[in-house]
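> Following is a predicted model, sequence given first.
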Amino acid sequence: MTSKDSTTTNTSTLIREAIQARTSNARWKRVSKLHELGSREVFAAASRLLSSRRPVERELGADILGQLGFNDSYPFKAASVPKLRRLIREDENPHVAAAALHALGWLGAWQVLVRTGKIADHSDARVRLALAQALSTPDDPCPQEVIELLVRLTKDRNGDVRDWACFALGTQCRADGTAIRDALAARLEDRHRDCRAEAILGLARRRDPRAVGPLLVALTSKSVYRWSVEAAAYVGDVKLLPPLRALIGWWNLDTALLETAIARCDPESRHAHVIERGRSLRRFRRMFIAAVADIEPAVSIGAVQLPEDPDDYFLHNTLEIAWKSAAGEESTCWHWPGLMERASGRVGAAARLAANDIFGGGAQRPSIAR
């Protein structure tokens, strides 16, 4: 048997087994293997399934196309998107339409999803839920049309749809603005528990004071969830300090997070943190410039800063350094606590490590370069 024949047999076998699978796990195990194969043959077979008379086969075809060749940057994306869009437009089966929406979300076809916006009014909640889930990993920056569609979905009559829309808008989307905040605030008393939690966390990530009241309730309830403490760390409001301190000794879901939340909500601790980081940064900059001068005298150091990081509870944990050389202007970032750990807590050693990482061929090159 030739290699091509072997591949053909493997593809057809996996498709047959996926169709006949009795459980979702067994089905997706086969689908994932087809994704990994990522061949033109699998693409052709999945495309044929989209024309099947059986909904279960059309659904399978969409599931395959959605993540086909994910190890190779989705080589069939351009050819798959029109097929999936047509499936949404023409197929009346809700399972098939939902699968096609999920596939478009995996492929990052945001503009196509926006153009299917009327799906937000679909009579079947499974289809509307699939749309919200498909939009839950948006690009950064998130397209304005996607934001508007998510805002619309936060008002859906189905709680699960509202929950996913609030998750996408509040946590997954880094954008901010009045429309986003007001949409989340409107869900603070939602009857769907998870939707309420996502709305509170989404507002807290933007340090909106409207999250404080619901957080006080959440932190003093019989069951305190991790998201409540995380939200408190983002908000950093002194009113949350007493209930947070009351958790010490018995709340053990994430003691490090609890310590961070308490420090963020304690004005004295937060002020001390800012003062200490400022002092360390000034010393680091001075010693870093000296270290660079020894390695690359022609380099001119620009910004050396620790800006607030909205994804790290607004702590000053991301070190940014910019410089100018004959090659032009460049910049890079470190995780400040990680750099200090490498330097055993010594600012001078951290400065030398950073200089060597950039200009001395160090093994631990910064992870972010712009």
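Good, I have the coordinates. Since this is a predicted model, take the numbers as computed values, not measurements.

> My read is that residue 224 contacts residue 215, right?
No: with contact defined as CB atoms under 8 Å, residue 224 does not count as touching residue 215 (10.6 Å). No exception for glycine: its C-beta is placed from N, CA and C like everyone else's.

> Look at these two and report which has more neighbours.
Applying other CB atoms under 10 Å to residue 224 and residue 215 shows that residue 215 carries more neighbours, namely 26 against 19.

> what residues are up against that one?
Contacts of residue 215 were listed using CB atoms under 8 Å, 6 or more residues apart in numbering, and they are 200, 204, 228, 231-232, 235, 237, 240.

> pLDDT averaged over the one helix or strand it maps to - what is it?
Using DSSP states H and E, residue 215 falls within helix 212-219. On average, the pLDDT along helix 212-219 is 97.

> what number of residues lie near residue 89?
Per other CB under 10 Å, the neighbour tally for residue 89 reads 13.

> Please report how far it lies from residue 104.
Distance, residue 89 to residue 104, by CB to CB, to the nearest Å: 12 Å.

> Which neighbours do the two have in common?
Listed as contacting both residue 89 and residue 104 by CB under 8 Å, 6+ apart are residue 116.

> OK, contacts around residue 109?
77, 81, 84-85.

> Just the ones of these in strands?
Secondary structure from DSSP state E places none of those in strands.

> of all those residues, which comes closest to residue 174?
residue 77 (23.7 Å; CB to CB).

> Give me the local confidence score for the nearest residue to the closest one once chain neighbours are set aside.
Using CB to CB, 6 or more residues apart in numbering and skipping the chain neighbours, the partner closest in space to residue 77 is residue 107 (5.1 Å). In this prediction, residue 107 carries a pLDDT score of 95.

> Could you number the chain from 21 rather than 1 from now on?
Got it, first residue is 21 now, which makes that one residue 127.

> and residue 127, how far is that from residue 149?
Note on residue 127: its distance to residue 149, by CB to CB, is 19 Å.

> likewise residue 213?
For residue 213, the distance to residue 149 equals 17 Å [CB to CB].

> Now do the buried residues in the lengthiest helix in the chain.
Across the chain, the longest stretch assigned as helix under DSSP state H is helix 287-315. Neighbour-count burial for helix 287-315, counted by 16 or more other CB atoms under 10 Å, picks out 290, 297, 300-301, 304-305, 307-309, 311-312.

> who's more crowded, residue 213 and residue 149?
Neighbours were counted for residue 213 and for residue 149 using other CB under 10 Å; residue 149 has more, 22 against 11.

> just to revisit the earlier point, any chance of the buried residues of helix 287-315 in a markdown table, plus distance to residue 269 and pLDDT?
Shown next, in a markdown table, are the buried residues of helix 287-315 (distance: CB to CB, whole Å; pLDDT from 0 to 100):
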| residue | distance to residue 269 | pLDDT |
| --- | --- | --- |
| 290 | 23 | 86 |
| 297 | 29 | 86 |
| 300 | 32 | 93 |
| 301 | 35 | 94 |
| 304 | 37 | 96 |
| 305 | 41 | 96 |
| 307 | 41 | 96 |
| 308 | 42 | 96 |
| 309 | 46 | 95 |
| 311 | 45 | 94 |
| 312 | 47 | 94 |
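
> give the contact list for residue 206.
So residue 206 contacts 174-175, 219 (CB under 8 Å, 6+ apart).

> Residue 95: neighbour count?
Using other CB under 10 Å, residue 95 has 16 neighbouring residues.

> Distance check, it against residue 129.
Distance of residue 95 to residue 129, computed by CB to CB: 15 Å.

> Are we agreed that residue 353 is in a helix?
No: counting by DSSP: H, G, I helix; E, B strand; the rest coil, residue 353 is not found in a helix; it is strand.

> Residue 241 versus that one, what's the distance?
Distance, residue 353 to residue 241, using CB to CB: 38 Å.

> Repeat that for residue 197.
30 Å.

> Quick check: the gap between residue 241 and residue 256.
From residue 241 over to residue 256 the distance is 21 Å, taken as CB to CB.

> between those two, which one's more packed in?
residue 256 (20 against 11).

> Next up, the contacts around the nearest residue to that one once chain neighbours are set aside.
Excluding its sequence neighbours, the residue lying closest to residue 256 (CB to CB, 6+ apart) is residue 284, at 4.1 Å. Residues in contact with residue 284 (CB under 8 Å, 6+ apart) are 252-256, 290, 333-335.

> now with 10 Å?
Shown in contact with residue 284 (CB atoms under 10 Å, 6 or more residues apart in numbering): 252-257, 260-261, 264, 290, 293, 333-335.

> quick revisit: and the contacts of residue 235 as JSON lines, adding neighbour count and secondary structure?
Formatted as JSON lines, the contacts of residue 235 follow (neighbours: other CB atoms under 10 Å; DSSP: H, G, I helix; E, B strand; the rest coil):
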{"residue": "220", "neighbour count": "30", "secondary structure": "helix"}
{"residue": "224", "neighbour count": "29", "secondary structure": "helix"}
{"residue": "248", "neighbour count": "28", "secondary structure": "helix"}
{"residue": "251", "neighbour count": "26", "secondary structure": "helix"}
{"residue": "252", "neighbour count": "32", "secondary structure": "helix"}
{"residue": "255", "neighbour count": "26", "secondary structure": "helix"}
{"residue": "257", "neighbour count": "18", "secondary structure": "coil"}
{"residue": "260", "neighbour count": "27", "secondary structure": "helix"}
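
> If anything else comes up later, I'll come back, but that's it for now.
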